[in-house]
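Trainee: have a look at this prediction, sequence included:
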Amino acid sequence: MDSRLSGFYRLSVSERQKALKSQTGHSFPSLFEFGSLGEKAADSMIENAVGSVSVPVGIATHFVVNGKSLLVPLAVEETSVVAACSRGAKLSNGFTTESDPSVMIGQVLLVNIVDSRQALLNLNAARSELIELARTNSIIEKLGGGTKDIQFHPLHAREGVWIEVHVLVDCIDAMGANTVNTVCERIAPRLEELSGGVARMRIISNLCIHRKVRARTTWSKESLGGAGVVDAFLQGIEFAQLSPFRATTHNKGIMNGMDALALATGNDWRAVEASAHAFAAFGHSYAPLTRFHKTPEGNLAGEIELALAVGTVGGATKINGAAQDSLKLLGISSARELAEVMACVGLAQNFSAVHALVSEGIQKGHMRLHAKNIAFNAGASAEEMDEVARLMISKDSINESFARQTIAELRALDKGIKNKPVGK
Ligand code: MEV
């Protein structure tokens, strides 16, 4: 096998598939599929496209955000995420949210500066000129967005003083990477002239500290199972505040739902992840993204805050029909609204995980939901799956060998019934 695959990128999709078959001696019928995405869209989205991987989309129910009922599509491969998310929303008293404008930071790094003091003076004096120069006549600017400010921060590098330029761009309904990178590249030559240095890097920062989102809700103590469970829940939260090992898993649970909504809506979930975890450690040691407290009535109040950049226009959202349908299903029209719903999803997900952890434990519920998965792996047909899962749960034997035995018994029974002479 020759991994160079010379000229591979010039081939059509079907030619690439043929080349892979002949190189490896295998055919890949499941991988060489494009589903609703379609071959043309896939080929336009990435390089060397040969197929796609499907992830199920489930609907998280019971969400009421700022008084509006919402159905939330989640694209995820992990059992129990959709159920846990729905449960967190169902038990809550509805979510309220707020968000900052969609301001992203673009960074330009200026190096090889001879006189950094003079450079900073020149740059600060030219701020309005630079903001004007940053304007690119884009749709975003027509909608009131675009570059809002430019800031200069000295960095004390080994070889001398560098200048880190922050370009603040309101990306309105776009995630913003393309817009921001374009702006950075556009103003870099003028930054070089003004500073006498060299623009070494020109790129968006995924730590979108000016684009924060917040969501809040409460859960009655009765919905948790009593006052004792509220106290246990708060101990679970304090554990995450005290231990970065727990905080990481705590935040992973939050991202289970948020990433799933990002994926369903065609958003860059790596950017969402990067920003969330960087925010969790911004200005302090790594911490949980949610906060909880007991209300005077003894109920549980929860809040999430994080820096979050998602879009409803641009990027893959437009090309991907399923992403468009997800946005339609959500019934939202702005990036800020999407970010706010995403924060609610994270909060609901976190509530359910911690609630399960401090009460019956995570495995029992997880395995119950995982039973269908095990039944499928054991060879159950679509018609048999629910029954096999039900029997495994009722016998408290959720494992593949029991599933196989159950399938065999069901089939034998079915055959027996079918072979019975009519009328007897
Ligand atoms: C599993 O995907 C997520 C959890 O580990 C989250 C948590 O522990 O809070 C259950």
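Mentor: Perfect, I can see it now.
Trainee: and A134, how many neighbours?
Mentor: Per other C-beta atoms under 10 Å, the neighbour tally for A134 reads 24. Placement of C-beta: from N, CA and C, glycine included.
Trainee: all further residue positions should be reported with the first residue as 56.
Mentor: With the count now opening at 56, the last piece we talked about shows up as A189.
Trainee: mind checking pLDDT for it?
Mentor: In this model, A189 is scored at 96, pLDDT.
Trainee: wait, it touches R241, no?
Mentor: Yes. A189 is within contact range of R241, at 6.3 Å (criterion: C-beta atoms under 8 Å).
Trainee: is the strand or helix carrying H421 positioned near the ligand?
Mentor: Assessed by DSSP states H and E, H421 sits inside helix 417-432. Yes. Using C-beta under 6 Å from any ligand atom, helix 417-432 reaches the ligand at I417.
Trainee: pLDDT score for K427?
Mentor: In this model, K427 carries a pLDDT of 85.
Trainee: no, scratch that, I was asking about V477
Mentor: 56.
Trainee: helix/strand/coil for the closest residue in space to E184 that isn't next to it in sequence?
Mentor: Using C-beta to C-beta, 6 or more residues apart in numbering and skipping residues adjacent in sequence, the residue nearest E184 is R245, 7.8 Å away. Of the three states, R245 takes helix under DSSP: H, G, I helix; E, B strand; the rest coil.
Trainee: and F83, by the same measure?
Mentor: coil.
Trainee: could you list which residues are in contact with it?
Mentor: 72, 75-76, 105-106 (C-beta atoms under 8 Å, 6 or more residues apart in numbering).
Trainee: make a markdown table out of those residues and add distance to the ligand.
Mentor: Output for the contacts of F83, formatted as a markdown table (distance: C-beta to the nearest ligand atom, whole Å):
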| residue | distance to the ligand |
| --- | --- |
| Q72 | 34 |
| L75 | 33 |
| K76 | 36 |
| V105 | 30 |
| G106 | 27 |
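Trainee: just the buried members of these?
Mentor: For the contacts of F83, a burial check counting by 16 or more other C-beta atoms under 10 Å picks out 72, 75, 105-106.
Trainee: assign G401 to helix, strand or coil.
Mentor: G401 - assigned by three-state DSSP - is helix.
Trainee: so what's it up against?
Mentor: Counted by C-beta under 8 Å, 6+ apart, G401 has contacts 270, 309-310, 312-313, 344-345, 359, 361.
Trainee: spit out the contact partners of the residue nearest to W217 when sequence neighbours are not counted.
Mentor: The spatially closest residue to W217, leaving aside those adjacent along the chain, is L210, at 4.4 Å (C-beta to C-beta, 6+ apart). Neighbouring residues of L210 by C-beta under 8 Å, 6+ apart: 164, 216-219.
Trainee: which member of the residues you listed is positioned nearest G199?
Mentor: Taking C-beta to C-beta as the measure, G199 lies nearest E219 of these, at 27.1 Å.
Trainee: neighbours around that closest one, how many?
Mentor: E219: 16 neighbours (other C-beta under 10 Å).
Trainee: one more: C263?
Mentor: C263 has 29 nearby residues by other C-beta under 10 Å.
Trainee: could you check how far it is from the ligand?
Mentor: In this view, C263 and the ligand are 24 Å apart by C-beta to the nearest ligand atom, to the nearest Å.
Trainee: so which of the contacts of L210 sit within strands?
Mentor: 164, 216-219 (DSSP state E).
Trainee: which of these sit farthest apart?
Mentor: Farthest pair in those, by C-beta to C-beta: L164 and V216, 11.9 Å.
Trainee: of those two, who's got more company?
Mentor: L164 (20 against 17).
Trainee: so what's the more buried one up against?
Mentor: L164 neighbours (C-beta under 8 Å, 6+ apart): 210, 217-220, 254-257.
Trainee: rerun at 6 Å
Mentor: 255-256 (C-beta atoms under 6 Å, 6 or more residues apart in numbering).
Trainee: hang on, H425 packs against T134?
Mentor: Yes. With contacts counted by C-beta atoms under 6 Å, H425 reaches T134, the gap being 4.6 Å.
Trainee: and the contacts of whichever strand or helix holds A463?
Mentor: Per DSSP H and E, A463 falls inside helix 455-474. With C-beta under 6 Å, 6+ apart as the test, helix 455-474 has contacts from 429-430, 433-435, 439, 443, 446-447.
Trainee: let me see the ranges of the strands in the stretch 56-205 of the chain.
Mentor: In the stretch 56-205 of the chain, the strands defined using DSSP state E, counting those that start in this stretch lie at 112-120, 123-130, 151-154, 158-166, 201-212.
Trainee: next structured bit after the helix or strand of the chain with the lowest mean pLDDT?
Mentor: For the chain, counting by mean pLDDT, DSSP states H and E, helix 370-374 ranks last in confidence among helices and strands (a mean of 78). Using DSSP H and E, the next helix or strand after helix 370-374 towards the C-terminus is helix 376-385.
Trainee: how far does the helix or strand encompassing A411 sit from its chain's centre?
Mentor: Using DSSP H and E, A411 falls within helix 390-413. Offset of helix 390-413 from its chain centre (C-alpha atoms, centre = their mean, to the nearest Å): 12 Å.
Trainee: and stretch 375-392, by the same measure?
Mentor: The answer for stretch 375-392 is 14 Å, by C-alpha atoms, centre = their mean.
Trainee: so what's the residue in the stretch 56-205 of the chain positioned nearest to the ligand up against?
Mentor: For the stretch 56-205 of the chain and the ligand, the shortest gap (C-beta to the nearest ligand atom) falls at E133, measuring 5.9 Å. For E133, the contact set (C-beta under 6 Å, 6+ apart) is empty.
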